[in-house]
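J.: when you get a sec, could you give me coordinates for this:
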Amino acid sequence: MNQPLTDEQVDFFRDNGYLVLRNVLDPGLMAQTRDAWWNAAPKELKRDDPNSWVGAFADTRFTWKYRDRSFEPWMVELLYGNPELQSVAKQLLGPELKVPERIRGIYCVFPDTDKQPRTARFHVDAHAFHLGVVGYVDDVPPDGGGFTVWPGSHKHFYHLFKTAYTFNPLNGKEGMWDTDAGRTVLQIDPVHTYGSAGDVVLWHHRMGHGAGHNRSGQVRQAVLYDFCRADLDAVQDEPPPDDMWRDWPGINGG
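T.: Here you go, the predicted model:
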């Protein structure tokens with residue numbers, strides 16, 4: 001069977017913890033997603049008035065995570081049901097994937113054009129999953145608030161946790177930084193991804209990541225989903241194996 005990812009792409013993902021794929025998402029479903037988001041947006045945000053998009057929103061973090069329609073079949077189809085993403089996930093994780101009831105939602109970052117560039121900040125997600133997907137449903141220019149990653153951080157963070165998938169750092173959340181691995185990650189230069197509507201970013205579940213600073217003139221609109229192997233619940237609380245790719249047959253050759 002033909003595999004969607006080349007050996008070079010698999011190697012890049014293994015070494016860096018992320019991979020950008022171009023022109024993956026369905027145009028009709030992306031348009032439906034954009035319409036759903038704008039229809040739900042607060043009345044002060046006007047789709048035809050870019051001036052209304054600039055500035056802090058509600059919680060002053062310049063972000064809004066819209067989850068109300070994440071369970072609708074067309075939203076699930078956009079990412080989990082995408083044939084190319086299905087093939088990629090099965091190539092990396094094996095054929096048995098969890099069937100979701102919903103995706104994460106539509107995550108937006110609003111423009112902040114009057115501000116000086118901010119220092120990029122990252123976190124590691126607290127919930128259990130394997131392969132994260134960020135899909136851009138509208139164009140995201142450079143400095144447009146794109147999904148930001150710290151390449152290679154997944155390898156440093158992986159063994160700082162008591163378990164393979166749940167969030168319980170060996171030395172507590174703050175103690176993660178008082179380690180050689182934590183100090184190494186703090187020296188990594190982040191990569192701010194960007195691209196066209198339909199592009200996606202794949203990323204490892206222990207990757208340090210965050211939303212970029214949006215200094216463009218438009219709202220960054222992305223949809224997020226987490227691919228999981230069907231056996232995740234059974235293994236998520238086990239100690240992390242020496243081989244961090246044990247559950248990734250497309251990478252470890254299993």
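J.: CA atoms for contacts and neighbours, from now on please.
T.: Noted.
J.: where's residue 50 relative to residue 98, distance?
T.: 39 Å (CA to CA, to the nearest Å).
J.: once you drop chain neighbours, what's closest to residue 245?
T.: Nearest non-adjacent residue to residue 245, counting by CA to CA, 6 or more residues apart in numbering: residue 252, 5.9 Å away.
J.: what lines up beside the longest strand anywhere in the chain in the sheet?
T.: Longest strand of the chain, by residue count under DSSP state E: strand 220-227. When pairs are called by DSSP bridges, strand 220-227 turns out to pair with strand 105-109 (antiparallel), strand 131-136 (antiparallel).
J.: list the buried residues for the worst-scoring helix or strand of the chain on mean pLDDT?
T.: Lowest mean confidence among the helices and strands of the chain (mean pLDDT, DSSP states H and E): helix 172-175, at a mean of 74. By neighbour count with 16 or more other CA atoms under 10 Å, helix 172-175 contains no buried residues.
J.: strands along the stretch 151-254 of the chain, start to end?
T.: Remark: strands assigned in the stretch 151-254 of the chain by DSSP state E, counting those that start in this stretch are 191-192, 200-204, 209-211, 220-227.
J.: ok, which of the ones you listed comes nearest residue 40?
T.: Closest to residue 40 of the strands of the stretch 151-254 of the chain, according to CA to CA: strand 220-227, at 13.4 Å.
J.: gap between that closest one and the chain center?
T.: Centroid separation for strand 220-227 versus its chain: 6 Å, with CA atoms, centre = their mean, to the nearest Å.
J.: quick one, that strand and strand 200-204 angle?
T.: Angle, strand 220-227 to strand 200-204, by axes from the mean of the first three to the mean of the last three CA atoms, to 10 degrees: 40 degrees.
J.: so where's the stretch 101-250 of the chain uncertain?
T.: 113-114 (pLDDT under 70).
J.: switch the cut-off to 90
T.: 110-123, 170-183, 185-186, 213, 215, 217 (pLDDT under 90).
J.: re the thing from before, show me which residues of the longest strand of the chain are buried.
T.: Counting neighbours by 16+ other CA under 10 Å, one finds that the buried residues in strand 220-227 are 220-227.
J.: stretch 118-136 now?
T.: Using 16+ other CA under 10 Å as the test for burial, stretch 118-136 gives 120-122, 125, 128-136.
J.: how about stretch 154-171?
T.: Here stretch 154-171 shows 154-167, 169 as buried, counting by 16+ other CA under 10 Å.
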